[in-house]
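Colleague: below are the sequence and a predicted model; questions follow.
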Amino acid sequence: MTRVMLADDHPMIAAALDVLLRGTDYELVGRARSGSDALAEVARLKPDLLLLDVNMPDGSGLDVLRDLRERRSAPAVVLLTAGMDDSQLLVADRLGPEGMVLKTSDPALLLECMEQVRKGEHWADPEIAERTRHAKERAASAPSLTPRERELVELVRQGLRNRDIAAQLGVTEGTVKVYLHAIFDKLGVDNRTELAMRGAELLG
């Protein structure tokens, strides 16, 4: 039996998975409803396969996957998603989950994915694979940033205010504003909120 754990905060998904796995070679051994719970339960249950929702409270699925990739012993991971933006797709691509499945797909695709992952293969929903390819193309064609601009984008992603960024970079707050507006124009974003949301994508 392959021991499976689910990390998803939607009760309907858990109920549907329980029905789907009946009579198969997979055993649902546990469930987590948040990112922090997922990490704790993986350490406790040591499943062979983790079905991991991308969007969860208290730590996203991508945060969980990033943490698991730093561990010596971790389960194979299949990301479950209702949809990801370019930034999430690029992060997921870099982290390399063993599988990725759209929640809107036919349940048979999830079983196919799990079977391939159990054999040591990687499997991605064709639609996700296509979206990832387009996201990479858009990222590759985006204007390049200077080292200083990249540093500033990273600080914006961390939620720092202009005053704090200025202190950290050793420049005036006015200089930070000038840099920011230049970055907005170069990347075609309208404000620092959009810049922060797309930071991972823009930094590549």
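Modeller: Nice, I can see it. Residues are numbered from 1 along each chain as shown.
Colleague: so where do the helices sit in the protein?
Modeller: Assigned by DSSP state H, the helices in the chain fall at 11-21, 35-45, 61-69, 86-95, 107-118, 126-141, 147-157, 162-169, 173-187, 192-197, 199-203.
Colleague: can I get these in a markdown table with mean pLDDT, distance to residue 80 and mean neighbour count?
Modeller: C-beta: built from backbone N, CA, C; applies to glycine. As requested, those are arranged in a markdown table below (pLDDT from 0 to 100; distance: least, CB to CB, whole Å; neighbours: other CB atoms under 10 Å):
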| stretch | mean pLDDT | distance to residue 80 | mean neighbour count |
| --- | --- | --- | --- |
| helix 11-21 | 89 | 7 | 13 |
| helix 35-45 | 94 | 12 | 18 |
| helix 61-69 | 90 | 8 | 20 |
| helix 86-95 | 84 | 12 | 19 |
| helix 107-118 | 94 | 8 | 17 |
| helix 126-141 | 84 | 11 | 14 |
| helix 147-157 | 87 | 25 | 17 |
| helix 162-169 | 90 | 36 | 16 |
| helix 173-187 | 86 | 30 | 15 |
| helix 192-197 | 82 | 22 | 15 |
| helix 199-203 | 68 | 20 | 19 |
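Colleague: which one of those helices lies closest to residue 75?
Modeller: helix 35-45 (6.4 Å; CB to CB).
Colleague: can you tell me, leaving aside adjacent residues, what's nearest to residue 162?
Modeller: Closest residue to residue 162 apart from its sequence neighbours, by CB to CB, 6 or more residues apart in numbering: residue 176 at 4.7 Å.
Colleague: per-domain residue ranges of the protein.
Modeller: The chain resolves into domains spanning 2-138, 143-203 when parsed by automatic domain parsing.
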